[in-house]
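K.L.:
turn this into a model:
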Amino acid sequence: MAGTAPPTAVWSNWAGNQHGTATAVLRPTSVAEVAEAIRAAATTGDRIRVVGSGHSFTGIAVTDGQRMELTELDGGTNVDTERRLVTVPAGMTLRALNDLLAAHGLALPNLGDIDAQTVAGAISTGTHGTGAAYGCLSTFVAALTLVTGAGEVLRCSAEEHPDVFAAARVGLGALGVLVEVTLRCVDAFVLLAHERPARLRAVLDDLPALVDAHDHVEFYWFPYTDRVQVKTNDRVPADDRPLSRLRGWLDDDFLSNTVFAGACRLGRAVPALAPGISAVSARALTERRYTGRSDRVFCTPRRVRFVEMEYALPRDALPTALDALRRIVDRLPFKVLFPVEVRFTAADDIWLSHGYGRDSAYLAIHQYVGMPYEPYLRAFEEVATELGGRPHWGKLHYRDAASLAPAYPRFADFLALRARLDPDRVLTNPHLARLLGP
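P.N.:
So this is what the prediction gives:
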């Protein structure tokens, strides 16, 4: 197979907390080569995991068998502007996809805050943005092509193999290798972003009205303070308030990355300074309003490395979860150096989506690289689990199959489909064995 690398090929993720050494690295150039590699692995008892951009914090992409990269698998793109559909190779990055769509006067309806992930990686783990009317990115999938663990090529949609379609849109890479994805788009649009400091209690008291009043709402709570940074994004007809290059560089590059990285290094070296650093950070980003192309407003640069846990909670459980989280932060034997992010999504019908069957509030906690984090994450996970929370598949968590089954009404159906599509467990790894069973 084209692109086979030496057997000691080492891989690590973006955060640097997951590592693996593959027995071989496969870079197929066609769907037929993907299917051939899977059938060969089934014959020899080998394992294959597909890796994208490495933006998951879990071991979901780690393999001690063969690693497959889809960077050379390019079946071409097809943009149907009349029907607002785009079909792309699953290994394309979101950044490249956004530029492709913009060139045709289209856009994705919603995005998260980074665009480095591959399309396959983003939808397979339930990547999401924020917006009460929008589900995760997987809800935009109109069709997909999957090479199953048995080496069969399936074209799936709501009409064709609908059970596979319902599961594979957030499939964890456990059902097959996604090789092509068709996404529903919208006409290109402009967003008006409004970012402002606020008090946490005031935001929580007004939260239902705030979420309903805007297309997209999120906020960041700064630990050891009562302050948050609120960001709303709303569709507007014209890009008439663009952010100046100087202000964009000052806020998004210099303050949010360069200065914040220095503050985190200082806090790691002298943990007692962390509360003061958090208080200064909460005041450093002042109010601003600006317009811009949708994907450029949604997505921002992230160069400061961290680890992250994120839970989808029933929306009305958010105040309880935040109160508990504040108590957890205060009693930790170490300090927290990163703000806590809160976002919102609509219910969907994808079997292993975090938003299956309910509107959600997402609460994401982070810690700067090199700082202790496990007691922090485990304490919050206990709270989130008791509140009916579902862990983001691409973020750190400690749940297993027995714990996850009650959280997902279609969990047993997913396992049954996995047994049918990957009977020899060609596509598993230790992380999936914990989540889904052997």
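
K.L.:
would you report the backbone torsion angles of the residue nearest to Phe222 when sequence neighbours are not counted?
P.N.:
Leaving aside its sequence neighbours, Phe222 sits nearest to Ala282 (CB to CB, 6 or more residues apart in numbering; 4.0 Å). Using the backbone N, CA and C atoms, a C-beta is placed for each residue, glycine as well. With angles defined as degrees, to the nearest 10, Ala282 sits at phi -60, psi -20.

K.L.:
how far away is Ala282 from Val228?
P.N.:
8 Å (CB to CB, to the nearest Å).

K.L.:
okay, now the domains of the chain?
P.N.:
With domains defined by automatic domain parsing, the chain comprises 78-187, 190-391.

K.L.:
okay, the ones you listed in CSV with mean neighbour count next?
P.N.:
CSV is the format used below for the domains of the chain (neighbours: other CB atoms under 10 Å):
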stretch, mean neighbour count
domain 78-187, 21
domain 190-391, 18
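
K.L.:
any idea which of the ones you listed scores lowest on pLDDT?
P.N.:
Mean pLDDT is lowest for domain 190-391 among those, at a mean of 93.

K.L.:
report the distance from that domain to the chain centre.
P.N.:
Between the centre of domain 190-391 and the centre of its chain there are 14 Å (CA atoms, centre = their mean, to the nearest Å).

K.L.:
tell me how far the ends of that domain are from each other?
P.N.:
32 Å (CA to CA, to the nearest Å).

K.L.:
just stretch 216-233 next, same as before
P.N.:
Terminal residues of stretch 216-233 lie 5 Å apart, using CA to CA.

K.L.:
phi, psi for Gly292 please.
P.N.:
Gly292 adopts backbone torsions of phi -180, psi 170, taken as degrees, to the nearest 10.

K.L.:
spit out the contact partners of it.
P.N.:
By CB atoms under 8 Å, 6 or more residues apart in numbering, the contact list for Gly292 reads 190-191, 193, 239, 242-243.

K.L.:
same question for Asp187.
P.N.:
84, 105-107.

K.L.:
repeat that for Gln367.
P.N.:
Neighbours of Gln367 in contact, by CB under 8 Å, 6+ apart: 306-308, 336-338, 373, 376-377.

K.L.:
doesn't it belong to a strand?
P.N.:
Yes. Gln367: assigned to a strand according to DSSP: H, G, I helix; E, B strand; the rest coil.

K.L.:
and it, how far is that from Leu396?
P.N.:
Shown here: Gln367 relative to Leu396, a distance of 10 Å by CB to CB.

K.L.:
can you check Leu85 too?
P.N.:
From Leu85 to Leu396 the distance is 35 Å (CB to CB).

K.L.:
what ranges does the stretch 1-150 of the chain have for its strands?
P.N.:
10-12, 19-21, 24-26, 48-51, 66-69, 78-80, 85-89, 106-107, 141-148 (DSSP state E, counting those that start in this stretch).

K.L.:
any chance of the ones you listed in JSON lines with distance to Arg199 as columns?
P.N.:
Shown next, in JSON lines, are the strands of the stretch 1-150 of the chain (distance: least, CB to CB, whole Å):
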{"stretch": "strand 10-12", "distance to Arg199": "40"}
{"stretch": "strand 19-21", "distance to Arg199": "42"}
{"stretch": "strand 24-26", "distance to Arg199": "51"}
{"stretch": "strand 48-51", "distance to Arg199": "42"}
{"stretch": "strand 66-69", "distance to Arg199": "47"}
{"stretch": "strand 78-80", "distance to Arg199": "45"}
{"stretch": "strand 85-89", "distance to Arg199": "42"}
{"stretch": "strand 106-107", "distance to Arg199": "34"}
{"stretch": "strand 141-148", "distance to Arg199": "39"}
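
K.L.:
indicate which one of these is closest to Arg268.
P.N.:
Ranking the strands of the stretch 1-150 of the chain by proximity to Arg268 (CB to CB) places strand 10-12 first, at 20.0 Å.

K.L.:
parallel or antiparallel, list what pairs with that closest one.
P.N.:
Strand pairing for strand 10-12, using DSSP bridges, gives strand 19-21 (antiparallel).

K.L.:
what's the mean pLDDT across the partner strand?
P.N.:
The predicted confidence, averaged over strand 19-21, sits at 93.

K.L.:
how about that strand: buried residues?
P.N.:
The neighbour-count check on strand 19-21 (16 or more other CB atoms under 10 Å) flags Gly20 as buried.

K.L.:
which residues outside it are in contact with it?
P.N.:
By CB under 8 Å, 6+ apart, the residues outside strand 19-21 that reach it are 8-13, 59, 61-64, 67.

K.L.:
and the buried ones among those residues, selectable in ChimeraX?
P.N.:
Command for ChimeraX that selects the buried part of the contacts of strand 19-21, burial taken from 16+ other CB under 10 Å:
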select :9,11,13,59,61,62,63,67
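
K.L.:
farthest pair within the contacts of strand 19-21?
P.N.:
Greatest spatial distance among the contacts of strand 19-21 (CB to CB): Thr8 and Gly59, at 19.1 Å.

K.L.:
returning to that earlier point: now, the contacts of Gln367 that are in strands?
P.N.:
306-308 (DSSP state E).

K.L.:
got CSV for these, with distance to Arg247 too?
P.N.:
Shown next, in CSV, are these (distance: CB to CB, whole Å):
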residue, distance to Arg247
Phe306, 25
Val307, 30
Glu308, 27
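
K.L.:
excluding its backbone neighbours, what's nearest Leu210?
P.N.:
Closest residue in space to Leu210, ignoring its immediate chain neighbours: Val217 at 5.8 Å, by CB to CB, 6+ apart.

K.L.:
and the gap between that neighbour and Leu207?
P.N.:
9 Å.

K.L.:
list the contacts for the residue nearest to Phe222?
P.N.:
197, 222, 225, 227-229 are the contacts of Ala282 under CB under 8 Å, 6+ apart.

K.L.:
can I get those residues in TSV with secondary structure and distance to Arg434?
P.N.:
As requested, the contacts of Ala282 are exported to TSV (DSSP: H, G, I helix; E, B strand; the rest coil; distance: CB to CB, whole Å):
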residue	secondary structure	distance to Arg434
Pro197	strand	41
Phe222	coil	33
Thr225	coil	36
Arg227	strand	38
Val228	strand	34
Gln229	strand	35
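
K.L.:
could you find the closest non-adjacent residue to Tyr220?
P.N.:
Pro339 (4.2 Å).

K.L.:
any idea how far the one you found is from Arg305?
P.N.:
Separation of Pro339 from Arg305 (CB to CB): 15 Å.
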